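Enquirer: sequence and predicted structure, then a few things I'm wondering about:
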Amino acid sequence: MNKKAIGLLSGGLDSSLAVRIMLDIGIEVIALNFLSPFCTCTRKGAGCKSEALKASKQFGIKSKTLFLGEKYLEMVKSPKYGYGSNMNPCIDCRIMMFKDAKQFMIDENASFIFTGEVLGQRPMSQRRDTMSIIERDSGLKGLIVRPLSAQFLKPTLPEINGIINRNRLLKIRGRSRKHQMALAEEKGIYDYPCASGGCLLTDYHFVKRLKDLYRFQNPISLNDARLLRVGRHLRINDRCKIIVGRNKEENEKLEKLAQAGDYVFRSTEHKGPLVVVKGKIDNGAMETISTITAHYSKAPKLTKILVEVCKYPDYKLPPQEACSLDEKAVKNLLL
């Protein structure tokens, strides 16, 4: 074994501390950051990738970002080890990450992987039993070092082989981050995001949309997953749902995410939403979507307006005349 390791780095407090500890004991570190379709940032204007890159530069280490794409969407639909909070497949997610990290470790001629995980901090993926499952299923038994909780865990191969002095590793457990925050100040780590962000799969409202997508569409694409973050989502019927922009920024996002074959509705006379239709529409759905477009426009209530309809990108259909739908009827369709 050599003194070269892959550190899983999000840029958050725990992973940054783990990198600092490993550098202090003489380990050559290459940072690896993972992004998924459901990552969320913890600071306005800063995404997961930018936090990791920022931390890597501060430590003066190389870094790489890997995106978990369509294979991740398939795994989330039916994870082997089930879900944690809402639809978060904590254990299967870690296994997938570690499998990719293992290949990166081999490519970089590194000897082991380390993380900022803390025993008992997360109720599903950071227990002794699940940590063992993750190591086994990812093919990394004995090769995942967890510097913050190492004194509570069995010695890893780098410790057994003398690559790491176990006495330099820590004894932290549980959900409180007081110890980590004090240690960060001691080691000069000040600028890190709060621990409240992470994954949209733990968000009840987002998961409601995702479950609907899995129920009515197979397979789903990365574009479908991106659309879940934007606008109001309304299920019209089993074959059709719509996404309604809530402001100019969302209208612009929806226009970029609309794909060939999607229907797009908008008011021609008043400011209002761009409405993207996913699926097939019949005359009944056409009328309902037109009234919803009118409902969310700036047109006076109960005023008939013209709604432009096109099959994206440029095939225009006859405009529809519509007035706003009843508020209760709209709410019943919302996801």
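Expert: Cool, got the structure.

Enquirer: can you tell me how far Arg136 is from Gly188?
Expert: Taking C-beta to C-beta, to the nearest Å as the measure, Arg136 and Gly188 are separated by 37 Å. Bear in mind the C-beta positions are built from the backbone N, C-alpha and C, glycine included.

Enquirer: I meant to write Ile292 there.
Expert: For Ile292, the distance to Gly188 equals 54 Å [C-beta to C-beta].

Enquirer: ok, now Glu287?
Expert: On the measure of C-beta to C-beta, Glu287 and Gly188 end up 63 Å apart.

Enquirer: of the two, who's got more company?
Expert: Glu287 (15 against 8; other C-beta atoms under 10 Å).

Enquirer: if you count residues, where's the longest helix of the chain?
Expert: Ranked by residue count under DSSP state H, the longest helix found in the chain is helix 90-107.

Enquirer: what residues does that one touch?
Expert: 5-6, 8, 32, 34, 36, 64, 66, 68, 71-72, 75, 79-84, 111-113, 122, 124-125, 130, 133-135, 137-140, 143-144 (C-beta atoms under 8 Å, 6 or more residues apart in numbering).

Enquirer: ok, the helix or strand following it: who's next to it in the sheet?
Expert: Per DSSP states H and E, the first helix or strand lying C-terminal to helix 90-107 is strand 112-114. If you go by DSSP bridges, strand 112-114 pairs up with strand 4-8 (parallel), strand 144-145 (parallel).

Enquirer: what residues sit buried inside strand 112-114?
Expert: Neighbour-count burial for strand 112-114, counted by 16 or more other C-beta atoms under 10 Å, picks out 112-114.

Enquirer: same question for stretch 234-249.
Expert: 234-236, 240-245.

Enquirer: just the ones of these in helices?
Expert: Going by DSSP H, the helices hold none of these.

Enquirer: who are the contact partners of Asp212?
Expert: 233, 235, 241, 335.

Enquirer: on that earlier part again, any chance of a markdown table for the strands paired with strand 112-114, columns distance to Phe216?
Expert: Formatted as a markdown table, the strands paired with strand 112-114 follow (distance: least, C-beta to C-beta, whole Å):
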| stretch | distance to Phe216 |
| --- | --- |
| strand 4-8 | 35 |
| strand 144-145 | 39 |
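
Enquirer: tell me which of these sits most buried.
Expert: Mean neighbour counts were taken over the strands paired with strand 112-114 using mean count of other C-beta atoms under 10 Å, and the top value, a mean of 26, falls to strand 144-145.

Enquirer: what about that one, average pLDDT?
Expert: In this model, strand 144-145 has a mean pLDDT of 98.

Enquirer: can you name the next helix or strand after that strand?
Expert: Criterion used, DSSP H and E; the element after strand 144-145 is helix 157-160.

Enquirer: show residues contacting that next one.
Expert: So helix 157-160 is in contact with 1, 5, 111-112, 142-143, 145, 150, 164-166, 169, going by C-beta under 8 Å, 6+ apart.

Enquirer: same question, stretch 54-61
Expert: 7, 9, 11, 15-16, 19-20, 23, 29-31, 62-63, 191-192.

Enquirer: buried residues of stretch 159-176, list them for me.
Expert: Buried-residue list, stretch 159-176, by 16+ other C-beta under 10 Å: 159, 163-164, 169-170, 172-173.

Enquirer: sorry, wrong one. I was asking about stretch 314-323.
Expert: Quick answer for stretch 314-323 (16+ other C-beta under 10 Å): 319-320, 322.

Enquirer: per-domain residue ranges of this protein.
Expert: Per automatic domain parsing, the domain ranges recorded for the chain read 4-186, 230-333.

Enquirer: of the ones you listed, which is nearest Gln217?
Expert: Each of the domains of the chain has some distance to Gln217 by C-beta to C-beta; the shortest is domain 230-333, at 7.8 Å.

Enquirer: quick one: end-to-end distance for that closest one.
Expert: Length of domain 230-333, first residue to last, C-alpha to C-alpha, to the nearest Å: 16 Å.

Enquirer: any idea of the mean pLDDT for it?
Expert: Average pLDDT, domain 230-333: 93.

Enquirer: next one: that domain to chain centre, how far?
Expert: Centroid separation for domain 230-333 versus its chain: 27 Å, with C-alpha atoms, centre = their mean, to the nearest Å.

Enquirer: of the buried residues of stretch 314-323, which is the nearest to Asn223?
Expert: Gln320 (26.0 Å).

Enquirer: right, and that closest one touches Ala285 too?
Expert: No. Under the criterion of C-beta atoms under 8 Å, Gln320 is not in contact with Ala285, lying 11.3 Å apart.

Enquirer: can you tell me which of the buried residues of strand 112-114 is nearest Ser221?
Expert: Comparing the buried residues of strand 112-114 against Ser221 with C-beta to C-beta places Ile113 closest, at 30.5 Å.

Enquirer: okay, the closest one: pLDDT?
Expert: pLDDT at Ile113 comes out at 98.

Enquirer: what sits up against stretch 290-300?
Expert: Stretch 290-300 has contacts (C-beta under 8 Å, 6+ apart) with 232, 234, 242, 244, 265-267, 269-273, 275, 304-305, 307, 309, 320-325, 327, 330, 333.
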